[in-house]
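1. Kindly generate the corresponding structure for this input.
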Amino acid sequence: LRSCGHANPSFFVPFSVPLKSIEVDLQVKSHVATVSSTLQYVNEEERPLEALFVFPMPAEAALCHFSAKIADKEIVAKVQEKEKAREEYDDAIASGDQAFLLEESEESADVFRLSVGSLPPGQSAAVTFVYIIELSVQADHALRFCLPAVLNPRYTPPGTGGGIVSEIISSPAGVPYSLSLIAHVSSPNPITKVESRCPLEPLVFLSADHMNAKVSLSAGHMFDRDVELFLYYQNVHQPTAIVEAGEPTAQPGTLMGDPVVMLNLEFTEALMSFAFCGEFVFVVDRSTSMSCALHGEKDAQRRIDSARDTLLLLLKSLPLGCYFNIYGFGSHYEPYFPKSVEYTQETVDQAVKRVKKMEPDMGGTAIVLPLAHIYSQQCIPNHPRQLFIFTDGEVKNTRQVLSLVRDNADFHRCFTFGIGEGASTALIRGMAQEGCGHAQFITGTERMQPKVMQSLRYALQPAVVDINEEWTVPVGMSTTRLSPPINTVFSGEKAVIYTQLKGESQSSDSEGTVTVKYRLADQEVTNTLIGFITLTQLIHCLFRLSIHRLAARSLIRSLEQDEQNEGAEKEALKARVVELSLQAGLSSSHTAFIAVFKGSGEAVKGPLLRRRVPTVG
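-> Numbering: from 1, shown residues only. Prediction:
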């Protein structure tokens, strides 16, 4: 068993933590954000230090820049194959040089480790990393940005190895470094408001048309919780296509050398109910960590209480005639009924009575066990299986879980609820994506009900499926889709598709169209959602080649998922991931960022003092 919120019950910080502050510059343009974080380090001890910081990052982020600055000297890191980067880092430290290594966990794409060493006595250093991310749409049509602060320890199944995830160290008492954040927001549609649970300075509009604004965290904010911003625009349902020119110095025909289109779609068709009700299977995390609070504020609800309230709301909202079952899980699992039962007043009363007594008393977070058992059960004819999973996501074997859900995607849809701050985005979003469902994050009571009802509405209605697009481009040009197939989109959700434009136009006509085809409730639908796209148009981007890097990130993640399949040509897939990562300057599970400052050449005498920087837990 683990203690709530941190890996070691006796953990405390007996020394001056070398990380002093984090400064974040957030640039939002429409539904894409560029996040630049600068970490200030100071060694106030009498020996050289190596600082290790294991921290969260959204799994869908494209990490595209890493640099370090000591005094007036700055060095931009390069991307290397991960083992080579680690060897270079170790060699640099052994030689008396200063080195900085930033690497993604191979177990979970939302956990990173930053190694800073060796930092001489009295030395300060600033480390900056930049990532790009698409913002998700909420039930009330807000765009959500989350800067994660909370990184919960992850349950490691017996018999599995270590890795970066196992190094998570969190402090339930808060962290000894501060956070400042300034957000600049611009949109082709007027900005109406920005909301957050964190205290904000008043929103300042920078233009009369309200298409540009600035907002910041209130002074003195401590990095003791996830920072969520909810951005509201007018007329957010418009489809858009942005063309970004390739890198002039890159080879034509490569991803970075050709133009890339970001096609942003939202389906707002009126949806109808299924002609049948379905089988609803609720899987609730009852591990020890679910006894922790949802967030760090006073009188916060326990995660298990939030999961219980969410489940009760869903149970009481199901239609008569459907079937349902409930599983609690931890180190083991237990179903409420031997198999799914018909939804009647009697069966729901039985379930509600047991749910109200639900407690976090089942040990670890072995989510694979109940999933495997559910998938082994025969489906009920004419009642499609809808799986609802409630968890704080504290698992280490994320990729194994996603592979299991993907292998059974033809027989169910998977709706997930990340309960509490620090819930793994890689796990929660990954299960929903692989299971053709939808993901929600419950961090407080104020937004729980609309999120729950949105997921239930999706489960009771047909989704837009079999989405594909047809491009009409000038003679001499062709298109290559970079995004993986989009299996399912629900009404109100955004779908982003990246496409590479190859070749050169052989005519003066440099415009094209895109027609999107899909199925809804067994009906074929064809829409030319975008009229004309100027293929030669150059769009001012948030960060140089940001659309190319988001496209590369999408392709890399797809290849990494393919590596988990049985019989996959793993070495060939790994080589392709490394190739794309190096070409686009992005991190991946097989690469890392490395920066080395050449020093005096005198090796450090004796072992370095190692200081692990805690996160909020």
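2. just the helices in the stretch 451-600 of the chain please.
-> Per DSSP state H, counting those that start in this stretch, the stretch 451-600 of the chain carries helices over the ranges 546-562, 570-584.
3. now do the chain
-> 82-94, 303-315, 345-355, 368-376, 398-407, 425-434, 448-459, 546-562, 570-584 (DSSP state H).
4. any idea which of the ones you listed is most buried?
-> Across those, averaging neighbours per residue (mean count of other CB atoms under 10 Å) puts helix 425-434 on top, at a mean of 25. Glycine gets a C-beta too; all of them are placed from N, C-alpha and C.
5. Chain neighbours aside, what residue packs nearest to residue 481?
-> Residue nearest to residue 481 in three dimensions, not counting chain neighbours: residue 499, with 5.4 Å by CB to CB, 6 or more residues apart in numbering.
6. For burial, what's the neighbour tally of the one you found?
-> 22 (other CB atoms under 10 Å).
7. I figured it was touching residue 480, is that so?
-> Yes: the pair residue 499 and residue 480 qualifies as a contact (CB atoms under 8 Å) at a distance of 6.8 Å.
8. The residue nearest to residue 363 when sequence neighbours are not counted: what's it in contact with?
-> Leaving aside its chain neighbours, residue 363 sits nearest to residue 331 (3.4 Å; criterion: CB to CB, 6+ apart). Taking CB atoms under 8 Å, 6 or more residues apart in numbering, we find residue 331 in contact with 287, 362, 363, 364, 366.
9. Would you mind measuring from the third one to residue 325?
-> Just to be clear, that refers to residue 363. Remark: distance between residue 363 and residue 325 (CB to CB, to the nearest Å) = 21 Å.
10. Counting neighbours, go ahead and name the busier of the two.
-> Legend: neighbour count by other CB under 10 Å for residue 363 and residue 325, higher for residue 325 (20 against 16).
11. Let me see the confidence value for the more buried one.
-> pLDDT recorded at residue 325 is 97.
12. hang on, the earlier thing: what's opposite the residue nearest to residue 481 in the beta bridge?
-> Beta bridges link residue 499 to residue 261, residue 481, judged by DSSP bridges.
13. show me what contacts it?
-> Taking CB under 8 Å, 6+ apart, one finds 260, 261, 263, 469, 471, 479, 480, 481, 482, 483 in contact with residue 499.
14. ok, of those, which come out buried?
-> 260, 261, 263, 469, 471, 479, 481, 482, 483 (16 or more other CB atoms under 10 Å).
15. Tell me which two of these sit farthest apart.
-> Largest separation among these by CB to CB: 260 and 469, giving 14.4 Å.
16. pLDDT weak spots in the stretch 401-550 of the chain?
-> 446, 492, 507-511, 528-543 (pLDDT under 70).
17. again, 80 this time
-> Scanning the stretch 401-550 of the chain for pLDDT under 80 picks out 444-448, 462-464, 487-488, 491-494, 505-512, 520-522, 525-544.
18. Tell me where it has strands.
-> 413-419, 439-442, 464-472, 477-481, 488-489, 494-503, 511-520, 523-534 (DSSP state E, counting those that start in this stretch).
19. Could you measure from the residue nearest to residue 481 over to residue 266?
-> In terms of CB to CB, residue 499 sits 18 Å off from residue 266.
20. ok, now which ones touch the nearest residue to residue 116 once chain neighbours are set aside?
-> Of all residues not flanking residue 116 in the chain, residue 51 sits nearest, at 4.3 Å (CB to CB, 6+ apart). Residue 51 makes contacts with 18, 19, 41, 114, 115, 116, 117, 119, 610, 611, 612, 613, as judged by CB under 8 Å, 6+ apart.
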